[in-house]
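Asker: Take a look and give me a structure for this.
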Amino acid sequence: MPKGVSCSVANCSFWKEGNNCGAGAINIEIDQHAGANFNEEFAGDELGLFHQDEAKQSKSTCCLTFKPKE
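Answerer: A predicted model of the protein is given here:
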């Protein structure tokens, strides 16, 4: 994980001591797509999956990397 990625969500399985994120990668999405399931295989062009979104404010985004500790 790149240095400098800070997270204060202590109940995430990737959370490490000192507010460091231990995930191998971070997935961030626009809130309106947060519940989308991208695991199925479809023709991306038909569904518009290759479009790019813009967030005007950071609060319009969410981190989809979060996975609660078991």
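
Asker: ok now do Phe66, which residues does it touch?
Answerer: 9, 12, 14 (Cβ atoms under 8 Å, 6 or more residues apart in numbering). (Each C-beta comes from the backbone N, C-alpha and C, glycine too.)

Asker: now it: how far from Ala55?
Answerer: 18 Å (Cβ to Cβ, to the nearest Å).

Asker: Wasn't Glu29 part of a helix?
Answerer: No. The assignment for Glu29 (DSSP: H, G, I helix; E, B strand; the rest coil) gives strand, which keeps it out of a helix.

Asker: shouldn't it be in contact with Thr61?
Answerer: Yes. Assessed by Cβ atoms under 8 Å, Glu29 is found in contact with Thr61 at 6.8 Å.

Asker: circling back: of the contacts of Phe66, buried ones?
Answerer: Neighbour-count burial (16 or more other Cβ atoms under 10 Å) applied to those gives 12, 14.

Asker: could I get the contacts of Phe66 as CSV with distance to Gly22?
Answerer: Shown next, in CSV, are these (distance: Cβ to Cβ, whole Å):
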residue, distance to Gly22
Val9, 12
Cys12, 9
Phe14, 5
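
Asker: List just the nearest of the contacts of Phe66 to Glu70.
Answerer: Nearest to Glu70, judged by Cβ to Cβ, of these is Cys12 at 11.4 Å.

Asker: Does that closest one touch Lys67 like I think?
Answerer: Yes. If you go by Cβ under 8 Å, Cys12 and Lys67 touch, sitting 6.3 Å apart.

Asker: in stretch 22-36, what's buried?
Answerer: Buried-residue list, stretch 22-36, by 16+ other Cβ under 10 Å: 23, 29.

Asker: what about that stretch, average pLDDT?
Answerer: In this model, stretch 22-36 has an average pLDDT of 79.

Asker: For that stretch, C-alpha coordinates in CSV please.
Answerer: The C-alpha trace of stretch 22-36 is given here as CSV (Å, rounded to 0.1, in the frame of the first residue of the first chain):
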residue,chain,number,x,y,z
GLY,A,22,-3.1,-1.9,4.9
ALA,A,23,-5.2,-2.7,1.8
GLY,A,24,-3.3,-3.6,-1.4
ALA,A,25,-5.5,-1.2,-3.3
ILE,A,26,-8.2,1.3,-2.6
ASN,A,27,-11.5,1.5,-4.5
ILE,A,28,-13.3,4.9,-4.4
GLU,A,29,-16.6,5.6,-6.2
ILE,A,30,-19.1,8.3,-6.6
ASP,A,31,-21.8,7.8,-4.0
GLN,A,32,-24.6,7.3,-6.6
HIS,A,33,-22.7,4.2,-7.8
ALA,A,34,-21.7,2.9,-4.4
GLY,A,35,-24.3,0.1,-4.5
ALA,A,36,-23.5,-1.0,-8.1
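
Asker: That'll do, ta.
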